[in-house]
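1. whatever this is, show me its structure:
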Amino acid sequence: MRHREPDRVPVMCQLSIGHYNLNAGYKPHEIWYETEAFADASVRLARRYGFDGILVVLPGRPPNYLDNVASISAGQDGEWLTWRNGDRTFMPWDDMPHHYPADTAKPARADFAAFDPDRGLDRVDQYLGYTWNVLFHVQDVPGKPDPGLLRLGAMPEYLFRAFDLVKQRAGQDLSIHGSIYSPLTHFFELFGYEAALMAFVTDPGKVHAILDRLAGNTIAWGLELAARGADALDQSSAFVAAPFLSRPMYREFVVPYERRVNQALLAAGCLVYTHTCGRIGDRIDLLAESGACGIDTLDPPPLGNCDLAAAKRDFGDRLFFKGNMNSVALLEYRTREEVLAEAARPLRIGKPGGGYILSTACSVAPRVEPWKLELLAPLAEEIGSYS
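-> I've put the predicted structure just below:
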């Protein structure tokens, strides 16, 4: 990540929540709502797969959070949680949860036309699709985050307990990365994707005012993780590839705000890289302008259009690269030889001169068999050595 040659190419994949559910020895509601279980699962699977680092993808939960659950029932497709306030949550065995409120009149997203950039972010908790700065549903419990408290040091301690536990249990031999969401990701989640895209055209000035506030929130969250010892921060900016977002829109609505976030976190001494998916081959130069230290995921064709060799050639002095394994094909492979060939391709391309981390492009799909991931670290030992 610092453009130096280690002893070998590092290995570190981001695991989907569904993969945790199926392979970590815990039930879905335990992974999602019990901080101790999630932290244990993160370290356990990293050790099993021989990874060199862990991305902590969930925040901590309030103490005794599941005391708010009235009942849990399991079926063929997953678990149903019924909360004491009447809400229900469906927890698939192999996917993210789906929340259904008792109060169906509660708005799912903010109304862009009525939203006040100066005051609206103090009331975001009223929307089902967006909760404060951490993108997950929080029941009405004591200690629930006050959405107006977005300053460094003003956030509830429990939100960082998952990160703290993973770092404590992982010891000194694993690189522990914190997860933050880009200002534009927050914008999409706050207003919904269709309304957000329309706002780019109908009222770009207001969009910029809101993104400016959201950048401050992202910085506060990232600085807190940096202060807790994050070795790096993954800024998730997942929905900015072509054709969903044009290159001019990327330049206008992504680059200035991610640059502001990156500069603040780099000034605090923390490496920060961008997680983005899909067809980004035409905007790697703009991503580099944002001041990111690296890129994850570099989807290869047909998932995306990223040529790892070209990216190394053109931007290897400015960016490190993580990914480029075809994560969908990994689901289909049935033989050891197929998996090794898929991993060896980007490993050999990315290895020269350092600055490459062997990984799947985007998260490991829920039903990727563990034996496939267990092949990666030995392969890096065999053909990824710098000695």
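2. for the protein, where's the lowest mean pLDDT among helices and strands?
-> The weakest-scoring helix or strand in the chain, judged by mean pLDDT, DSSP states H and E, is strand 98-100 (a mean of 86).
3. packing partners for the very next helix or strand once past it?
-> Going down the chain from strand 98-100, the next helix or strand is helix 161-170, by DSSP states H and E. Counting contacts by 3 or more CB pairs under 8 Å, 6 or more residues apart in numbering; DSSP states H and E, helix 161-170 packs against helix 35-49, strand 53-56, strand 175-181. The way it works is simple: take the backbone N, C-alpha and C, and place the C-beta from them, glycine included.
4. what does stretch 31-40 rub up against?
-> Contact with stretch 31-40 is made by 17, 20-21, 24, 26, 30, 41, 58, 60-61, 65-66, 91, 97, 158, 161-162, 165-166, 169, as judged by CB atoms under 8 Å, 6 or more residues apart in numbering.
5. who's in contact with the closest residue to residue 319 other than its chain neighbours?
-> With sequence-adjacent residues excluded and distances taken as CB to CB, 6 or more residues apart in numbering, residue 319 is closest to residue 294, at 5.2 Å. With contact set as CB under 8 Å, 6+ apart, residue 294 has these partners: 1, 271, 273-274, 319-322, 355.
6. could you work out the most separated pair of those?
-> Spanning the widest gap among those are 274 and 355, at 14.8 Å by CB to CB.
7. more neighbours, these two?
-> Taking other CB atoms under 10 Å, residue 274 and residue 355 do not tie; residue 274 has more neighbours (27 against 24).
8. how about the strands in the stretch 251-387 of the chain?
-> 271-276, 294-297, 320-323, 356-357 (DSSP state E, counting those that start in this stretch).
9. mind giving me TSV with these and columns for mean pLDDT and distance to residue 113?
-> Formatted as TSV, the strands of the stretch 251-387 of the chain follow (pLDDT from 0 to 100; distance: least, CB to CB, whole Å):
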stretch	mean pLDDT	distance to residue 113
strand 271-276	97	29
strand 294-297	96	35
strand 320-323	98	38
strand 356-357	98	43
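10. quick one: closest of those strands to residue 244.
-> Per CB to CB, nearest to residue 244 of these: strand 271-276, 10.8 Å.
11. can you list contacts of the closest one?
-> By CB under 8 Å, 6+ apart, the residues outside strand 271-276 that reach it are 1-2, 14, 180, 182, 222, 231-238, 240-241, 258, 261-262, 265-266, 287, 290, 292-297, 320, 322.
12. those in helices, which ones?
-> 222, 258, 261-262, 265-266, 287 (DSSP state H).
13. which of these tops the neighbour count?
-> In terms of neighbour count, residue 261 stands highest of the ones in helices among the contacts of strand 271-276 at 30 neighbours, by other CB under 10 Å.
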